[in-house]
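J.: how does the following fold in three dimensions:
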Amino acid sequence: MGTCDPRQVELLSKIREGVDNAISAVGEIEGRLLACSKLLRIDQRGETFTALALEISNLGDLVELVREIKKGSDLLASRPLEAGAFDSWEKSIGLFRDMLTAFEGKDWIVLADLIQYELSPILAQGEKDLAAVRDRLASQ
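T.: Below is the predicted model of the structure:
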């Protein structure tokens, strides 16, 4: 690892754990959001919105976890990551605003389209980026 500092060793361990947790959550959240987007096209009952709200909350938690991973990785002395390692996650911020606008305007088709055609690819790229971070942390 290049350092015997126990704080750095513990930080690396926590970052690896966070990355693994984030990777496993991405696919689950994406799948449930895609199911919600399909329901939005045909069913605007309360259950649909309850499920959607839960998954949007889970997505927010995931983005926050990725931000914490990035902060922690910035503190790693011996394993610097590439500057753009988390860029795909930053792209989601503008999309969240668009999703909120569609939600507030009750434009369920636009919201479903945003989830399916814009959010899903961002999550897929984010998952690949997290896997690259994990590999980078393991290789040095």
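J.: every contact and neighbour count from this point should use C-alpha atoms.
T.: Will do.
J.: pLDDT below threshold where in the protein?
T.: Residues of the chain meeting the criterion pLDDT under 70: 1-3, 79-80, 139-140.
J.: list the buried residues of the longest helix seen in it.
T.: Criterion DSSP state H: the longest helix present in the chain is helix 6-42. By neighbour count on 16 or more other Cα atoms under 10 Å, the buried set for helix 6-42 is 8, 11-12, 15-16, 18-19, 22-23, 26, 29-30, 32-40.
J.: ok now it, how far from the chain's centre?
T.: 6 Å (Cα atoms, centre = their mean, to the nearest Å).
J.: helices or strands up against that helix?
T.: helix 46-74, helix 108-113, helix 120-139 (3 or more Cα pairs under 8 Å, 6 or more residues apart in numbering; DSSP states H and E).
J.: kindly compare burial across those helices and name the winner.
T.: Highest mean neighbour count of these: helix 108-113, a mean of 20 (counted as mean count of other Cα atoms under 10 Å).
J.: packing partners for that one?
T.: Judged by 3+ Cα pairs under 8 Å, 6+ apart, the packing partners of helix 108-113 are helix 6-42, helix 92-104.
J.: how about the contacts made by residue 115?
T.: 33-34, 37, 99 (Cα atoms under 8 Å, 6 or more residues apart in numbering).
J.: what about it, which SS state?
T.: helix (DSSP: H, G, I helix; E, B strand; the rest coil).
J.: for residue 97, see how far away it is.
T.: As judged by Cα to Cα, to the nearest Å, residue 115 and residue 97 stand 12 Å apart.
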